[in-house]
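Participant: can't give you the sequence, but here's the structure:
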């Protein structure tokens, strides 16, 4: 892996100046005290406030209003925006798009045909052709008006430079109140991006920014950077839940384009969105959409959402657009404003409707917090056309289990494969350039050490070790100039605050401990992508380490290690982003790396092949601290998957209950979360993070992909998704008592997950799913069945049985999933 210690310096943005920020922090010589002009400064200084400096405040405001110097935003790279008539120009292009007009005509013709069939239009009427044409014209006009209204509500309205200057000033003020250390960007990346932007502007090509999404601040940070660095502002894809009075208009004029969260079967709307995307890409206007869809509430990247990407891909595959430039973007924070709210949601409290107004209306109590800084990193941009051509060529050369022409880009299977590959490539690129913040380093260390707390000396030592490991893995650590590491740690602790990290004073040395592990796990999850291979291997090795005894007893045969790593990596396929090189290459590299770090020892046969793997003597002598680090990273996720699997046992129909009862998905997941909270407080779960709503949801989704559970989504949008345990996965019941029998596929599957769980209560004897736990999950499951039947008529309840149409849909879905698993040719559970 490349080492980023020699990477280019950051840009330091201080009000109206941009200067270079030296890369990396360098510890001063021992015994010296570092002071001087090179010491870290705030990256963006707070602007003058009216109460304290009224004249300076008025001067700054006048500079923005008048557009003095760079504030004028006249000389930016990209297509013309912010001129009177821009909105009308875009709207005219969208409404006149051939794609949209053709769809309107087809919809009108389809409606006329329905009216003919229903007898509303009399074919025997001598004036029938004229009346039919008149009716068609009326329908076309009506659809035109609907489309025009939808377009006006949707499109971004870059109209006024005076407005955007004022918006930039206002938003910068708000951002600086919260993130008092400003924004960091890489000078190398910015210069590269500007060069790409100049070439794209010359060719009239769009740059599509694809950032990760952790906070509402994401909207602001990229727009501020583009404005300040002289790049054309992108049109930002935003949910129409933000299009509310006053706020919606402000966002639309600042760059937001509002899109519905769900299109349903609205053909006009989906075609309208496609036409708008076409217009933007044909005109070379920049675009921004969040690859994960919604905000990540867990700290790590979410699986990609393919909505807008599918429209972009269609624009190119159809030939309506020649090319576009993809630019993955990573935005990292010392502290995310919304994490406290995320914890509430993840613990099962109903989510409030998202809107930026709640964030902005938090007032000075939120915006005056000292939340550290924001780091934005731009991956090297690349051609989407080049990516498509490369993938088609590669797929055409690889033997496939199904007979398909990979060059036929109209084929749905081909498009889905390209779309999925595109989404995961962008996520991998984001991970590749992400910066690890001091708060993430501290949070990770605190949650990967045994014991109640850690002394200051040990905390700094482990942060230093983790920093070295991040860099050795090719990751990046936030730059802090020549600031001593101890000061960086103090800064991170200050930003995290006493609500997350407590300190016990009056001891031999200050001792720190995690106050809110659940919230702190958000910051730990910001580093896990770098070490996922090591974590999976450590968890696989733990199946033997947990047995205790001498070192030879704890060694694991290579074949067993390989099989458990394969199982775990497949289990967490929806949670983590893996290298595309395959398990064999990743496992070999990971083993070599851990051996070089003296964490493990490897026994090889006469031909040099690996036969056994175990902990090294040096690692044992060091108290397994490095090995444990990797285990602690993955254990909460293993616990969550184990919990989800245990909860499925309760979905086996009770004796006397029909086996065609379907349970509402959300109710089943809420029941699993309730089970998890109970098991945590009774000591059966080691990590409260295991009851995380998102990880349980991801586990259920993974189980569905493997056919362990079946989920049906009705065409009736009022009927929520329902599930049942697949018949061949249902545990058997005792014919007399009705109790679940501890055997079968689901039991064995749950035990296989449990073999890598952290040792704890009732686990030394191998009873990972004790009789008490089974009884508890069965009781919760029986309540789900009773509620499904007895409350079927309640408002918002899901029918307990499938309609004929839903049953047919289920059959098709099961067959499609089998076909997809064959197509993907991946390891299965």
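Facilitator: Received it, and whenever you're ready, just let me know what you need. The model shown is predicted, which means the values in this text are computed figures rather than measured ones. Numbers count the residues shown, from 1 in each chain.
Participant: Go through the helix or strand that contains residue 129 and flag the buried ones.
Facilitator: Taking DSSP states H and E as the criterion, residue 129 maps to helix 128-154. Neighbour counts over helix 128-154 (16 or more other C-beta atoms under 10 Å) mark 132, 135, 136, 139, 140, 143, 147, 150, 151, 154 as buried. Using the backbone N, CA and C atoms, a C-beta is placed for each residue, glycine as well.
Participant: What of stretch 377-396?
Facilitator: Result for stretch 377-396 [16+ other C-beta under 10 Å]: buried residues 377-379, 381-385, 387-388, 391-392, 395.
Participant: What of stretch 93-108?
Facilitator: 93, 94, 95, 97, 99, 100, 101, 103, 104, 107, 108.
Participant: cool, and stretch 331-345?
Facilitator: For stretch 331-345, using 16+ other C-beta under 10 Å, the buried residues are 331, 332, 333, 334, 335, 336, 337, 338, 339, 341, 342, 343.
Participant: State the distance from the third one to residue 215.
Facilitator: Distance, residue 333 to residue 215, using C-beta to C-beta, to the nearest Å: 6 Å.
Participant: Kindly report the same for residue 239.
Facilitator: To residue 215, residue 239 is 15 Å away according to C-beta to C-beta.
Participant: same thing with residue 90?
Facilitator: Distance from residue 90 to residue 215, by C-beta to C-beta: 29 Å.
Participant: Most distant residue from the centre of the chain?
Facilitator: residue 126 (61.6 Å; C-alpha atoms, centre = their mean).
Participant: which stretch of helix or strand covers residue 614?
Facilitator: Short version, using DSSP H and E: residue 614 is in strand 610-615.
Participant: Tell me the helices and strands packed up against that strand.
Facilitator: helix 532-545, helix 551-554, strand 556-557, helix 558-571, strand 600-604 (3 or more C-beta pairs under 8 Å, 6 or more residues apart in numbering; DSSP states H and E).
Participant: List the buried residues of that strand.
Facilitator: 610, 612, 613, 614, 615.
Participant: for stretch 703-714, same thing?
Facilitator: 703, 704, 705, 706, 707, 708, 709, 710, 711, 712, 714.
Participant: ditto for stretch 413-425
Facilitator: 413, 414, 415, 417, 418, 419, 421, 422, 423, 424, 425.
Participant: what does stretch 250-270 give?
Facilitator: For stretch 250-270, by 16+ other C-beta under 10 Å, it's 251-260, 268-270.
Participant: What's the mean pLDDT across stretch 275-292?
Facilitator: Stretch 275-292 shows a mean pLDDT of 96.
Participant: before we move on, what about stretch 562-578?
Facilitator: 93.
Participant: Residue 714 contacts residue 810, doesn't it?
Facilitator: No - counting by C-beta atoms under 8 Å, residue 714 stays clear of residue 810, with 10.4 Å between them.
Participant: what sits up against the strand holding residue 614?
Facilitator: 541, 544-545, 551-552, 554-558, 561, 591, 599-605, 624, 627 (C-beta atoms under 8 Å, 6 or more residues apart in numbering).
Participant: filter those residues to the buried ones?
Facilitator: Taking 16+ other C-beta under 10 Å as the criterion, what is buried in the contacts of strand 610-615 is 541, 544-545, 554-556, 558, 561, 591, 599-602, 624, 627.
Participant: and the residue farthest from the centre of the chain, what pLDDT?
Facilitator: 74.
Participant: and what of residue 162?
Facilitator: pLDDT for residue 162: 88.
Participant: which residues of the stretch 251-400 of the chain score low on pLDDT?
Facilitator: Scanning the stretch 251-400 of the chain for pLDDT under 70 picks out the ranges 350-369, 400.
Participant: quick one, strands of it?
Facilitator: Along the stretch 251-400 of the chain, the segments classed as strands by DSSP state E, counting those that start in this stretch run 256-259, 287-288, 325-333, 374-378, 382-383.
Participant: Work out the gap between the first one and the centre of the chain.
Facilitator: To tie it back to what came earlier, the one meant is strand 256-259. Put simply, strand 256-259 sits 20 Å off its chain's centre (C-alpha atoms, centre = their mean, to the nearest Å).
Participant: next one: the third one
Facilitator: Using C-alpha atoms, centre = their mean, we find the averaged C-alpha position of strand 325-333 to lie 13 Å away from the chain's own average C-alpha position.
Participant: so what does that strand touch, helix or strand wise?
Facilitator: For strand 325-333, the elements it packs on are helix 187-203, strand 207-211, helix 217-228, strand 374-378, strand 382-383, helix 384-397, helix 412-433, strand 435-436, judged by 3+ C-beta pairs under 8 Å, 6+ apart.
Participant: Nearest to residue 497 among the buried residues of stretch 331-345?
Facilitator: Lowest distance from residue 497 to those (C-beta to C-beta) belongs to residue 335, with 7.9 Å.
Participant: and the closest residue to the closest one other than its chain neighbours, how many neighbours?
Facilitator: In space, and not counting its chain neighbours, residue 335 is closest to residue 371: 4.4 Å by C-beta to C-beta, 6 or more residues apart in numbering. Applying other C-beta atoms under 10 Å, we find 24 residues neighbouring residue 371.
Participant: my read: residue 371 touches residue 180, true?
Facilitator: Yes - if you go by C-beta under 8 Å, residue 371 and residue 180 touch, sitting 7.3 Å apart.
Participant: hang on, the earlier thing: identify, from the buried residues of stretch 377-396, the entry nearest to residue 690.
Facilitator: residue 377 (31.2 Å).
Participant: Next one: that closest one from residue 468, what distance?
Facilitator: 20 Å.
Participant: thinking again about what came up before, residue 643: which of the helices and strands packed on strand 325-333 is closest?
Facilitator: Using C-beta to C-beta, the nearest of those to residue 643 is helix 412-433, at 25.7 Å.
Participant: and the closest one, how far from the chain's centre?
Facilitator: Between the centre of helix 412-433 and the centre of its chain there are 13 Å (C-alpha atoms, centre = their mean).
Participant: what angle sits between it and strand 325-333?
Facilitator: 50 degrees (axes from the mean of the first three to the mean of the last three C-alpha atoms, to 10 degrees).
Participant: what's the closest residue to residue 749 other than its chain neighbours sitting at in phi/psi?
Facilitator: Spatial nearest neighbour of residue 749, chain neighbours left out: residue 645 (6.2 Å); criterion: C-beta to C-beta, 6+ apart. Dihedral pair for residue 645: phi -70, psi -40, per degrees, to the nearest 10.
Participant: Over to the one 4 residues further on?
Facilitator: Dihedral angles of residue 649 (phi, psi; degrees, to the nearest 10) stand at phi -60, psi -30.
Participant: would you turn the helices and strands packed on strand 610-615 into CSV with distance to residue 802?
Facilitator: Compiled in CSV, those are given as follows (distance: least, C-beta to C-beta, whole Å):
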stretch, distance to residue 802
helix 532-545, 38
helix 551-554, 50
strand 556-557, 45
helix 558-571, 29
strand 600-604, 51
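Participant: quick revisit: now flag whichever of the buried residues of helix 128-154 is closest to residue 72.
Facilitator: Of the buried residues of helix 128-154, the one sitting nearest to residue 72 (C-beta to C-beta) turns out to be residue 154, at 29.1 Å.
Participant: Look at that closest one and report its pLDDT.
Facilitator: 94.
Participant: surely it meets residue 276?
Facilitator: Yes - the pair residue 154 / residue 276 is scored as a contact, 6.5 Å apart, by C-beta under 8 Å.
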